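Enquirer: With the input below, show me the fold.
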Amino acid sequence: MGILCDDMVIIRPSEKEGEPRVVTVNCPDKTGLGCDLCRIILSFGLNIVRVDVSTDGKWCYIVFWVVGKSTTRWSLLQHRLLEACPSCSSASGFSYFQLQPPKPPDVFLLKFCSYDRKGLLHDVTEVLCELELAIKKVKVSTTPDGKVMDLFFITDARELLHTKKRQEDTHNHLKTVLGDAMISCDITMVGPEITACSQTPPALLPSTITREIFGSKIEDAHPSGSPQISSNISVTMDNSLSPAHTLVQIVCHDHKGLLYDIMRTLKDYNIQISYGRLTTKPKRNCEVDLFIMQADGKKVVDPDKQNALFSRLQMELLRPLRVAVVSRGPDTELLVANPVELSGKGRPLVFFDITHALKMLNVCIFSAEIGRHMVGDREWEVYRILLDEGDGASVPRNKIEEGVWKMLMGWE
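Expert: Got it, this is the predicted structure:
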């Protein structure tokens, strides 16, 4: 069976202004492909309003209806989605697919020094996102004389950051946005010893911080009624309606990355989707129907497996991220955590949304760190941000927590 590579991903323009664009993916199937595609769409800041999925286990056909922005780079999105499909090679003008393990990306250190100002970190983060430079780790600190030293460990989706032209382009973009505030900017590829350190198993999170983010139990981090609890969630599983599949039905309130959170959970449990549909109703309510099976081609009938999948889906829909604002002596620290996929990929745009929310709240950042830690049996990406409350009237901590949470959930 052959299909032209360019035809694997087609993006059709909207028929009317304001209507969603239709993204069609027609390619060989693999477990977790839906998660990978949703992650890319989320990284472009797009909102999925409808989805249809069908596959025979070898070939899949997925249609996304997405709402973008005037600045969305649709041709680049098409290219990134095509890269996520099982790799294709040209043969006599047609393509055949091969599953190949991805090469680990090179890691670079961006050392950045500038004069401090409100919103600085968000502006830098926005430039890096626009250039497709993914932030893996960050260390940000402010000196007593009002300067900021930022250390970003980044990877390049375009795999060109080792070239002089790409580094100069990054420098020029930062200079354009920051102007005279920028003092220096240096980009170097990190050595194998640093890369190896970044790939070591994540450390356990200190118990104090674990309690502050997750409470006494991870699944019970906040009581019912908390602004960080998405209400009106229903998850049901039924084995009576299909002879070969388990039907999972979800009704919940929409949030940024909703489909990614569902697909990520199924991917981590090695669950395959044979048919699925998501529709967005009025008032941002969503209905999801998924006909699933295990990797062995059988239904999910074991009660323990059913309960584990049910509990994980419910938890991911209730609170896909954790946000807490806590005291550090006289200082205030913002803590944000999101689960990491078993594949090692983190949630896109989290640091961007955090810095954006703080900029909108007129809250300055004194220092920031990103690290990966084990909490229970799961790996989490944890953002620790020390806030600078020295200037003017301080923003109430509950307002900071609520503002960051709403930005992360797309409810701002």
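
Enquirer: so where's the stretch 51-200 of the chain uncertain?
Expert: 87-102, 192-200 (pLDDT under 70).

Enquirer: which residues in it form strands?
Expert: 59-67, 87-91, 94-98, 108-115, 133-142, 147-156, 182-189 (DSSP state E, counting those that start in this stretch).

Enquirer: which one of these lies closest to residue 275?
Expert: Of all those, the one in closest proximity to residue 275, counting by C-beta to C-beta, is strand 59-67 (10.2 Å). Just so you know, the C-beta spots here come from the backbone N, C-alpha and C atoms, and that holds for glycine as well.

Enquirer: ok, back up a step: output the strands of the stretch 51-200 of the chain as CSV; include the columns distance to residue 387 and mean neighbour count.
Expert: Listed next are these as CSV, based on distance: least, C-beta to C-beta, whole Å; neighbours: other C-beta atoms under 10 Å:
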stretch, distance to residue 387, mean neighbour count
strand 59-67, 33, 19
strand 87-91, 44, 13
strand 94-98, 49, 16
strand 108-115, 19, 18
strand 133-142, 11, 19
strand 147-156, 14, 19
strand 182-189, 23, 14
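
Enquirer: Now render these as CSV, adding distance to residue 300.
Expert: Below are these laid out as CSV (distance: least, C-beta to C-beta, whole Å):
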stretch, distance to residue 300
strand 59-67, 20
strand 87-91, 30
strand 94-98, 28
strand 108-115, 42
strand 133-142, 34
strand 147-156, 35
strand 182-189, 45
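
Enquirer: So residue 381 sits against residue 341, correct?
Expert: No: counting by C-beta atoms under 8 Å, residue 381 sits too far from residue 341 to count as a contact (10.3 Å).

Enquirer: more neighbours, these two?
Expert: Taking other C-beta atoms under 10 Å, residue 381 and residue 341 do not tie; residue 381 has more neighbours (22 against 19).

Enquirer: For residue 78, give me its contacts.
Expert: The contact partners of residue 78, by C-beta atoms under 8 Å, 6 or more residues apart in numbering, come to 9, 10, 11.

Enquirer: Just the closest of the residues you listed to residue 349, please.
Expert: Once C-beta to C-beta is applied, the member of these that ends up nearest residue 349 is residue 11, at 20.3 Å.

Enquirer: Near that closest one, how many residues? Count them for me, please.
Expert: By other C-beta under 10 Å, 18 other residues sit near residue 11.

Enquirer: Could you do residue 171 as well?
Expert: Residue 171: 17 neighbours (other C-beta under 10 Å).

Enquirer: Kindly report the same for residue 347.
Expert: 23.

Enquirer: helix/strand/coil for it?
Expert: coil (DSSP: H, G, I helix; E, B strand; the rest coil).

Enquirer: Let's test this: what are the backbone torsions at it?
Expert: phi -70, psi 130 (degrees, to the nearest 10).

Enquirer: returning to that earlier point: looking at the contacts of residue 78, which are in strands?
Expert: With strands taken from DSSP state E, the overlap with the contacts of residue 78 comprises 9, 10, 11.

Enquirer: separation between residue 154 and residue 38?
Expert: 23 Å (C-beta to C-beta, to the nearest Å).

Enquirer: next one: residue 395
Expert: Taking C-beta to C-beta, one finds residue 395 at 33 Å from residue 38.

Enquirer: Comparing these two, which residue is more hemmed in?
Expert: Using other C-beta under 10 Å, the more surrounded residue of residue 395 and residue 38 is residue 38, with 25 against 17.

Enquirer: For the more buried one, give me its contacts.
Expert: With C-beta under 8 Å, 6+ apart, residue 38 has these contacts: 48, 257, 259, 260, 263, 264.

Enquirer: show me where this structure has helices.
Expert: Ranges of helices in the chain, per DSSP state H, are 33-43, 74-84, 120-130, 164-178, 192-198, 207-214, 258-268, 303-318, 350-360, 397-409.

Enquirer: Go through the ones you listed and name the closest to residue 243.
Expert: Once these are compared by C-beta to C-beta, helix 303-318 is nearest, at 17.7 Å.

Enquirer: how about the closest one: buried residues?
Expert: 306, 309, 312, 313, 314, 315, 316, 317, 318 (16 or more other C-beta atoms under 10 Å).

Enquirer: Return the distance of that helix from the chain's centre.
Expert: In terms of C-alpha atoms, centre = their mean, to the nearest Å, the gap separating the centre of helix 303-318 from the centre of its chain is 20 Å.

Enquirer: one step back: export the ones in strands among the contacts of residue 78 as CSV, with columns for distance to residue 118.
Expert: What follows is these, written out as CSV (distance: C-beta to C-beta, whole Å):
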residue, distance to residue 118
9, 40
10, 43
11, 37
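
Enquirer: nearest to residue 301, of those residues?
Expert: residue 9 (35.6 Å).

Enquirer: Identify the residues contacting the closest one.
Expert: Contacts of residue 9 (C-beta under 8 Å, 6+ apart): 23, 24, 25, 26, 27, 78, 81, 82, 85.

Enquirer: of those residues, buried ones?
Expert: 23, 24, 25, 27, 78, 81, 82, 85.

Enquirer: With adjacent residues omitted, what lies nearest to residue 260?
Expert: residue 38 (4.0 Å; C-beta to C-beta, 6 or more residues apart in numbering).

Enquirer: Per-residue confidence, the one you found, what does it come out as?
Expert: We have a pLDDT of 97 for residue 38.

Enquirer: repeat for residue 379
Expert: pLDDT, residue 379: 92.

Enquirer: can you offset everything so residue one is 19?
Expert: Yes, from this point I'll number from 19; that puts the last item at residue 397.

Enquirer: how many other residues sit next to it?
Expert: 17.

Enquirer: Surely it and residue 361 touch.
Expert: No: counting by C-beta under 8 Å, residue 397 stays clear of residue 361, with 10.8 Å between them.

Enquirer: sorry, back to before: out of the strands of the stretch 69-218 of the chain, which gets nearest to residue 311?
Expert: Minimum separation from residue 311 across the strands of the stretch 69-218 of the chain (C-beta to C-beta) falls at strand 77-85, 13.9 Å.

Enquirer: gap between the closest one and the chain center?
Expert: So, by C-alpha atoms, centre = their mean, the centroid of strand 77-85 is 19 Å from its chain's centroid.
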